[in-house]
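A.B. asks: I'll drop the sequence and a predicted model, then ask my questions.
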Amino acid sequence: MQAIRFPAFTFVFNFLKLKQCKSLPSIYLLTSSQVNSIDKSSQFFVLGRQISNSTISTAAVKMSTDSQFIIPNDVPIVNLECTTAFNGLTPKEKLYAHYLTRASWAGGLICLFQTSPESPGIFLLLQKLFKAETVEQLKERSLKSVTENDFQSLLTYAAAFFANLGNYKSFGDTKFVPDLPKDKLGGIIRASAAYAADQAGVDKLWKDCGDAIYSLSKKEQQLGLGDKGISTYFSGNCTMDDAEKAKKFMDEKSISAYNTRLFKKVADDGKVTYEVRLASAADAGGDEKLKLGSYDYDNATFNVTRGDYSPLMERIAQNLAKAKESAANENEVKMLEGYIDSFSNGSIDAHKDGSRYWIKDKGPIVEHYIGFIESYRDPFGVRGEWEGFVSMVNKEMSAKFSALVDNAEGFLPQLPWPVEYEKDKFLKPDFTSLDVLSYASSGIPAGINIPNYDDIRQEEGFKNVSLGNVLSAHTKDQKITFLSEEDKEVYSKLKSPSFEVQVGLHELLGHGSGKLFRKDANGVLNFDADKVVHTETGKKIESWYLPGETWDSKFSVIASPYEECRAECVGLYLCLSKKILSIFGHEGDAASDIMYINWLNMVRAGVLALEFYTPETQSWRQAHMQARFVILSVLLEAGNGLVTISRITGEDGKPDAVVRLDKSKIESTGKEAIGAFLRKLQVYKSTADFKVGKAFFDKYSSVNDDTEDKLLSLRQTVMDRKLPRRMFVQVNTSLEADGSVKLTEYEPSASGIVTSFVERFPGDEYDNCVADLWRKEQEYL
C-alpha cells in the first residue's frame, strides 16, 4: 500500500490488489484527519507483504472513523432559555436558586468520575487551556498552524465534553473523539497561553490523557462492564459476576447501592477484597447504621468505607447550607437538612428523609432535586449518577398537569390490569412544568418522576416535573427523517403538543402507577394471596419482593429500559382518551391528530433507536431508546397493516426508509396489542418475576433479520442518516458586590458552552479538587 499526500486529502492506493489482478488499484480518499501514525487501537492496520522478491512499502493508515464517534461541527446548539422566569423571582428566591445551583454544579463534576478513567484529566486540560485566554485569543494563535475547521473541531469536542460531563455521549453511551488529528490538537495546545504559562503542567496532562482521548479500542467504544465496555462505577478488573456478588452482599446487609462504587483487589494468593465506597464528605468513622467495616462473605472480604468524592461532597453540603438560609418554608429547611446530612455522612436514609420533605413541599416557586438519582449508566443498573437541577415553575402549563392529577384516579382504572395490581391508594403528586435554570448531570431529560425509592413511591408519594424549556428547545428546527412527506407536515406542527401529552402521561400515570407485591420483615404480604390471581397463568401469586429487595435490585440490568417501556406504553394507551386530550386543550379532529402524531412519533423513535444498538455485543446503550424499539416490535408483530416500514431510495440516491402508521387501526389493532403487552409488563413487575419478565422483554428487544422487516439490516440506513443530538448552553448565576444575584447568558455555540464552563468553575478551587481525586483513582481505574 502506498500513500500520496496532498494538502487536504490523502489518496491511498492498494497496489497489492493490482499485483493480484489486472484491474485498477483500489483508491481510498481520506481526509487528513483520518490519516495518522500507527496506534494500538483496533481502528488502525498495517499492510506490508513480499511479492516477487519486491517489498511493497509499509504504510500505516487510520481507517475512516465511524461517524458515531465524532461530534460534527454543525451539531445543533441551543440556549436553555430561562431569563424571563428567573427575573420573576424575588431577591430571596434568586439567592436560594443561586446556592442550589452552586451545589448542583459542584456535584456535577462527580459525573467525570462516573464516566471514564480519562474524563477528569480531559476536564483539567480543557479548563487550563480555556482559562488562560479567551476562545478568540486561542483561535488567533492556533490559525498560524491549523485550519479554521481544525480549530472549530477542537471547540466542538470541548463543548460536547462539557455538555456531557465526560467523553461519552449521555444519550447512547458511545465515546466521542476530536475530529482533528492528535498532532494538530497537540500543536494547538503547545501554541496556547496556558502552555506558555505552565509548560510542565500542560505536558503532564497531555501525556496522561492524550492517547486516551483518541483511543477507540473495541472495549473503549462504549460504556459497559468487563469486556463489553468502560465503567468507572467499578474498578477496571470487575466483571458482571463481581457486580452480582456485591449486590447479594449489599442486599443481605441492607446497604443501598445508589451512592456507591465497587473496587476490587486480588492479592498474590488469589484472595479477593472488595471495597464498597459510599459518597460522602466525611472519610472516616461513621454511624453504625452505615454498616461501615470489614465483612467476610462468599470467599471474599468486603470493606464498606466512605469518603468517595469527598472534597466535592463537602462543597455540595456547604452550598446547601447557604441555600437553607433563604428557604421559603419549614419543609424546604428539613429537606435541605436531610440532603446535607446525606452528602456529609454518606447516608441514603438521610437522603430519603430529605426526599420525604421534598414531596411535602407542594408548588414551590423554585423547584429542585439533587443526589445520586438515575441508574441508567451503571452497567448493572443499581448505582445512581449524580444529578442536580434547579428550576422555576411555569404556571400556565402547570395548570394543565394539575388538572391531569386531579382526574388521575378516574384514569387509572382504564389501564389494562386488574384493580389488585394497582396501588391501594393513589397519592396525588405535585406535577409542575418547569423552566430549568441549571441541570448538572451528563444529560437533560424532558420529564422526571422522582424520588426513585420504591418504599416512598409506593407508600408516601412522589413528584412529577415536565421541563418546559427543554421540551420547547428539542422541537426547534428539527430535520425529520423516515416519514412520508404528508406525515412530515403534520408531524412538524404537532410534535411539541403531542410530546407534552406523552410526557405528562408517561411521568404521572406511567411511572406513578402499579403496585409491587411485597412481604415485609414480619412475613406479612401487602396483597390477599388467596384472592389475587396471576393474569397470565390463572393461578395464585407465587412470587413477590422480599424484605430489602427493590425494583432496581431485583430487575437490575433491565430495570431501566423495562420501566421506561412500561411508562411509554401507558402514555400511548391513555392518550386514546378524549377526556385526557381535552385537559391539554385538544378537542375533535385536533385531538385525533394529536393522538396520531403521538403514536407516529413513538413508531419513528423505534426506528431511530437502532442507532443505540451495538450488534457486536448484542446490547442496547440507551434505556429509553431500547424501550421505544420494543414498542415498535410489538406493533409490527400486531400485523394487520398497523405499522409498515418501506425501503426506498432517497433523493440523494442512497438507501432510505419510510415508516407508516395506519391511523384507522390505532384504536383497534394498536390498542389491543399495547394493552396486552402492557398488562404483562405490569404483572411481571408486580410479582417480582425477573426470570419470566426478562425473557419476555428480551424477546422484543432482539434486533435481527428474522422477520420481513429485517430490522438489523435497517440499522445501517439509520446509522447513515442519523442526525447529531442537540446540545444545550446553560446560564450561570453569580453574586454581585451588593449581595444580589446576576444571571449570565451565553451565545448558542460551541464557544458559548466552553465559556460558560470556564466561568462556572473560576479559579483553581474545583480544578484542584478534581486533580486530587483523579490521582487517587489511578490504582483502580
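C.D. replies: That came in fine, so what should we check first? Keep in mind the model is a prediction, meaning the values are calculated, not measured.
A.B. asks: Can you give me the pLDDT of the nearest residue to residue 166 once chain neighbours are set aside?
C.D. replies: Nearest residue to residue 166, sequence neighbours excluded (C-beta to C-beta, 6 or more residues apart in numbering): residue 115, at 3.1 Å. Quick note: C-beta positions are derived from backbone N, CA and C, even for glycine. Residue 115 carries a pLDDT value of 98.
A.B. asks: ok now do residue 115, which residues does it touch?
C.D. replies: 164-168, 223, 232, 377, 442 (C-beta atoms under 8 Å, 6 or more residues apart in numbering).
A.B. asks: ok, the residues you listed vs residue 685, which is closest?
C.D. replies: Taking C-beta to C-beta as the measure, residue 377 is the one of these closest to residue 685, at 21.8 Å.
A.B. asks: pLDDT wise, what is the closest one at?
C.D. replies: Residue 377 is assigned 96 on the pLDDT scale.
A.B. asks: and if you look at residue 394?
C.D. replies: If you check residue 394, the pLDDT there is 86.
A.B. asks: For it, grab the count of nearby residues.
C.D. replies: Residue 394 has 20 neighbouring residues, counting by other C-beta atoms under 10 Å.
A.B. asks: quick one, phi/psi of it?
C.D. replies: phi -100, psi 100 (degrees, to the nearest 10).
A.B. asks: Residue 234 now?
C.D. replies: With angles defined as degrees, to the nearest 10, residue 234 sits at phi -130, psi 160.
A.B. asks: same deal with residue 498?
C.D. replies: Per degrees, to the nearest 10, the backbone of residue 498 is at phi -70, psi -40.
A.B. asks: And it, how far from residue 708?
C.D. replies: Distance of residue 498 to residue 708, given as C-beta to C-beta, to the nearest Å: 29 Å.
A.B. asks: what about the helices in the stretch 501-650 of the chain?
C.D. replies: Assigned by DSSP state H, counting those that start in this stretch, the helices in the stretch 501-650 of the chain fall at 551-574, 578-583, 588-608, 623-638.
A.B. asks: Would you pull up how far whatever helix or strand residue 307 lives in lies from the middle of the chain?
C.D. replies: If you go by DSSP states H and E, residue 307 is part of strand 300-308. Relative to the chain's own centre, strand 300-308 is displaced by 27 Å; criterion: C-alpha atoms, centre = their mean, to the nearest Å.
A.B. asks: next SSE after it?
C.D. replies: Downstream of strand 300-308, the first helix or strand assigned by DSSP H and E is helix 310-324.
A.B. asks: And for whatever helix or strand comes next after that next one, what's in contact with it?
C.D. replies: Using DSSP H and E, the next helix or strand after helix 310-324 towards the C-terminus is helix 330-345. Where contact means C-beta under 8 Å, 6+ apart, the residues beyond helix 330-345 that reach it are 259, 279-282, 286-287, 290, 306, 313-314, 316-317, 320-321, 323-324, 327, 347-348, 350-358, 360-361, 364, 370-371.
A.B. asks: Alpha carbons only: can I get helix 330-345 in PDB?
C.D. replies: Written as PDB, here are the backbone C-alpha positions of helix 330-345 (Å, rounded to 0.1, in the frame of the first residue of the first chain):
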ATOM      1  CA  GLU A 330     -40.100  24.600  57.100                       C
ATOM      2  CA  ASN A 331     -40.400  21.700  54.500                       C
ATOM      3  CA  GLU A 332     -37.600  23.200  52.500                       C
ATOM      4  CA  VAL A 333     -35.400  23.600  55.600                       C
ATOM      5  CA  LYS A 334     -36.000  20.000  56.700                       C
ATOM      6  CA  MET A 335     -35.400  18.800  53.100                       C
ATOM      7  CA  LEU A 336     -32.100  20.600  52.900                       C
ATOM      8  CA  GLU A 337     -31.000  19.300  56.300                       C
ATOM      9  CA  GLY A 338     -31.600  15.700  55.100                       C
ATOM     10  CA  TYR A 339     -29.600  16.300  52.000                       C
ATOM     11  CA  ILE A 340     -26.700  17.900  53.900                       C
ATOM     12  CA  ASP A 341     -26.700  15.000  56.300                       C
ATOM     13  CA  SER A 342     -26.600  12.500  53.400                       C
ATOM     14  CA  PHE A 343     -23.900  14.200  51.500                       C
ATOM     15  CA  SER A 344     -21.800  14.900  54.600                       C
ATOM     16  CA  ASN A 345     -22.000  11.400  56.000                       C
END
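A.B. asks: Next, the angle helix 330-345 makes with the next helix-or-strand element following that helix.
C.D. replies: Using DSSP H and E, the helix or strand that follows helix 330-345 in sequence is helix 348-360. Angle, helix 348-360 to helix 330-345, by axes from the mean of the first three to the mean of the last three C-alpha atoms, to 10 degrees: 160 degrees.
A.B. asks: Now do the next helix or strand after helix 348-360: everything it contacts.
C.D. replies: Scanning forward in sequence from helix 348-360 by DSSP H and E, the next helix or strand is strand 366-374. By C-beta under 8 Å, 6+ apart, the surrounding residues in contact with strand 366-374 are 89, 93, 96-97, 100, 103-104, 107, 258-259, 279, 316, 320, 328, 339, 342-343, 351, 358, 383-393, 432, 434, 448, 450-452, 463, 465, 560.
A.B. asks: buried residues in strand 366-374?
C.D. replies: Within strand 366-374, the residues that qualify as buried by neighbour count (16 or more other C-beta atoms under 10 Å) are 366-374.
A.B. asks: before we move on, what about stretch 456-470?
C.D. replies: For stretch 456-470, by 16+ other C-beta under 10 Å, it's 456-458, 461-470.
A.B. asks: With just CA atoms, put it into PDB.
C.D. replies: C-alpha atoms of stretch 456-470 as PDB (Å, rounded to 0.1, in the frame of the first residue of the first chain):
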ATOM      1  CA  ILE A 456     -41.500   6.100  49.400                       C
ATOM      2  CA  ARG A 457     -43.200   6.000  45.900                       C
ATOM      3  CA  GLN A 458     -45.500   3.200  47.000                       C
ATOM      4  CA  GLU A 459     -46.500   4.400  50.400                       C
ATOM      5  CA  GLU A 460     -45.800   8.200  50.600                       C
ATOM      6  CA  GLY A 461     -45.900   9.600  47.100                       C
ATOM      7  CA  PHE A 462     -43.700  11.300  44.500                       C
ATOM      8  CA  LYS A 463     -43.400  14.300  42.300                       C
ATOM      9  CA  ASN A 464     -43.700  14.700  38.500                       C
ATOM     10  CA  VAL A 465     -42.000  17.500  36.700                       C
ATOM     11  CA  SER A 466     -42.000  18.400  33.000                       C
ATOM     12  CA  LEU A 467     -39.100  20.500  31.800                       C
ATOM     13  CA  GLY A 468     -40.800  23.000  29.600                       C
ATOM     14  CA  ASN A 469     -37.900  24.900  28.200                       C
ATOM     15  CA  VAL A 470     -36.200  21.600  27.400                       C
END
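A.B. asks: just how off-centre is that stretch within its chain?
C.D. replies: 18 Å.
A.B. asks: who's in contact with the residue nearest in space to the middle of the chain?
C.D. replies: Taking C-alpha atoms, centre = their mean as the criterion, residue 170 is the residue nearest the geometric centre of the chain, at 4.2 Å. Residue 170 makes contact with 164, 441-443, according to C-beta under 8 Å, 6+ apart.
A.B. asks: so can I have a markdown table of those residues showing pLDDT, distance to residue 125 and secondary structure?
C.D. replies: Listed next are the contacts of residue 170 as a markdown table, based on pLDDT from 0 to 100; distance: C-beta to C-beta, whole Å; DSSP: H, G, I helix; E, B strand; the rest coil:
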| residue | pLDDT | distance to residue 125 | secondary structure |
| --- | --- | --- | --- |
| 164 | 98 | 16 | helix |
| 441 | 98 | 22 | coil |
| 442 | 97 | 19 | coil |
| 443 | 96 | 22 | coil |
